[in-house]
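Student: just to be clear, the model below is a prediction. Sequence and coordinates:
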Amino acid sequence: MRRLIDLPGVADLETKALMKPRYAEPEAREEFPEIDACSTAVFGITADQAADLKPADWDGVDRLPVRDQIEAFEAAGWDVTDAKRRPLRMFGHFNLQLWLAVRGVAGQLPFEPEKPGAADLWGGSLAADAAKFRRDRR
């Protein structure tokens, strides 16, 4: 599962929001341009651009209660919580961009290289089973 906080710049903003809660407020983007800069770097669009790019038939998933969005993001393979399973403070600044990118409507998701050995997890198991089978047949 991919984590929002692992995307470049998001953890730094989350720390700033911890130290200065004003960062997490909806109107903070005007005061703190680094929020839009992070959004552009990560998703290729800002929150304002994302709002303009929502299709007419958009289902409003970005307006669901935060807990419902957390569950929906998890179903889509994304964790948008912190280590204590609380929503990220900066979640409201990035949820629409993430929804648009996850659904392939607008924006982009950063490239995530394949984790070492991830592709071979099942292959290693098969190889071990084959070796055990050969030993047992002797």
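Tutor: Noted; the coordinates are in hand.
Student: quick one, strands of the protein?
Tutor: Per DSSP state E, the chain carries strands over the ranges 2-3, 78-79.
Student: I'd like the mean pLDDT over the first one, please.
Tutor: Per-region confidence: strand 2-3 scores 94 on mean pLDDT.
Student: tell me how far it lies from the chain's centre.
Tutor: Centroid separation for strand 2-3 versus its chain: 5 Å, with Cα atoms, centre = their mean, to the nearest Å.
Student: which residues are in contact with residue 47?
Tutor: By Cβ atoms under 8 Å, 6 or more residues apart in numbering, the residues touching residue 47 are 29, 36, 39, 93, 94, 96, 97. The C-beta positions use only the backbone N, C-alpha and C, and glycine is treated the same way.
Student: where does the protein have low pLDDT?
Tutor: Residue ranges of the chain with pLDDT under 70: 112-125, 138.
Student: could you point out the longest helix of it?
Tutor: Ordering each helix of the chain by length in residues (DSSP state H) puts helix 121-137 first.
Student: now stretch 46-53 - C-alpha only, PDB.
Tutor: Taking Å, rounded to 0.1, in the frame of the first residue of the first chain, the C-alpha atoms of stretch 46-53 are listed here in PDB:
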ATOM      1  CA  THR A  46      -2.600  22.500  -7.400                       C
ATOM      2  CA  ALA A  47      -5.800  22.100  -5.400                       C
ATOM      3  CA  ASP A  48      -7.400  25.000  -7.400                       C
ATOM      4  CA  GLN A  49      -6.500  23.400 -10.700                       C
ATOM      5  CA  ALA A  50      -7.800  20.100  -9.400                       C
ATOM      6  CA  ALA A  51     -11.200  21.800  -8.500                       C
ATOM      7  CA  ASP A  52     -11.400  23.200 -12.100                       C
ATOM      8  CA  LEU A  53     -10.500  19.800 -13.600                       C
END
